[in-house]
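**Student:** Structure for this input, please:
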Amino acid sequence: MPAVKRVTHEPAYVLHHHDWSESSLIVEAFTRGHGRMALVAKGAKRPSSNFRPVLLPLQPLLLSWGGEGEIRTLKGAEWGGGLVMPTGDALLSGYYANELLMKLLAREDAHPRLFDAYAALVHVLASPDAEALGAAALRAFELLLLRHTGHLPALDVQTLTLAPLQDDAPYRLVVEGGLRAAHGDDEVWLAGAAWLALSAALDEQAAFTAALQAVAGWPAGEQARLRQQLRALLHYHCGGNTLRTRQLMLELQRLKSPVAFS
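**Tutor:** Residues are numbered from 1 along each chain as shown. A predicted model of the protein is given here:
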């Protein structure tokens, strides 16, 4: 992809930032038209910087940058408005989604539909419906992230044989093996009808909303089995190490319910 010398008012979200110098930051941003970008925000750590109150995660932004090379120079950042910062478990879910994007997206590889799905996820997490719909929204986003990065097999056939799924038969999504018929000792699986519903939802124009609605209508046990299968696949493609945000979630759960983890 040829270098872009100047971009203005590009829809974006901050995924992560780290120190560049005593006064500057490197900002990892997810942008709609240019994918994941590394931008140096000069002077952003100074109390008087215009960047300081704007470069926050889980907030819609409009970014402008220039230059060439792997790291571009941030020229402007404006708040896109419309959202408050998620809190509690919703905030951790947002940081978890950010870490997944950092792990799985190559730089300067645009995924506008995935960007829209991420924006929709953030909207749910920042809304009063976060407690009720947050988990289903996260599953919808995980599915779309896996699909857009090429890690999700077709969900309407068995991967190795291409045999169609049967509504009432059990199937499991396995790392490196794709979707296959569940064995007798498999405890984590979903019925063919559930996988077919997800496949149809992901093909919709508004795929995030369709997948969210599909998962939100399932019983808690079924949602949990989907989460386990997606997490195993994501864990594998993220390099096999426990995500930092995932570890933090587990530690917080232990603090809330110490007996359950003893």
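
**Student:** which residues make contact with stretch 169-179 from outside it?
**Tutor:** 153-155, 157-160, 165, 180-183, 186, 188-192, 195, 229-230, 232-233, 236 (C-beta atoms under 8 Å, 6 or more residues apart in numbering). In short, each C-beta sits where N, CA and C put it, glycine included.

**Student:** Out of the residues you listed, name the ones that lie in strands.
**Tutor:** Among the contacts of stretch 169-179, the members found in strands (DSSP state E) are R180, A181, L190, A191.

**Student:** which element is the nearest residue to the second one once chain neighbours are set aside on?
**Tutor:** In space, and not counting its chain neighbours, A181 is closest to Y171: 5.9 Å by C-beta to C-beta, 6 or more residues apart in numbering. Assigned by DSSP states H and E, Y171 belongs to strand 170-174.

**Student:** what distance separates that strand from the centre of its chain?
**Tutor:** 22 Å (C-alpha atoms, centre = their mean, to the nearest Å).

**Student:** what's the answer for stretch 180-192, then?
**Tutor:** 26 Å.

**Student:** State the mean pLDDT of it.
**Tutor:** Mean per-residue pLDDT for stretch 180-192: 93.

**Student:** before we move on, what about stretch 28-42?
**Tutor:** Stretch 28-42 carries an average pLDDT of 97.

**Student:** buried set for it?
**Tutor:** 28-32, 34-42 (16 or more other C-beta atoms under 10 Å).

**Student:** can you check stretch 81-88 too?
**Tutor:** L83, P86.

**Student:** Check whether L74 really touches V40, as I assumed.
**Tutor:** Yes - the pair L74 and V40 qualifies as a contact (C-beta atoms under 8 Å) at a distance of 6.4 Å.

**Student:** Could you name every residue contacting both of those two?
**Tutor:** Joint contacts of L74 and V40 (C-beta under 8 Å, 6+ apart) are V27.
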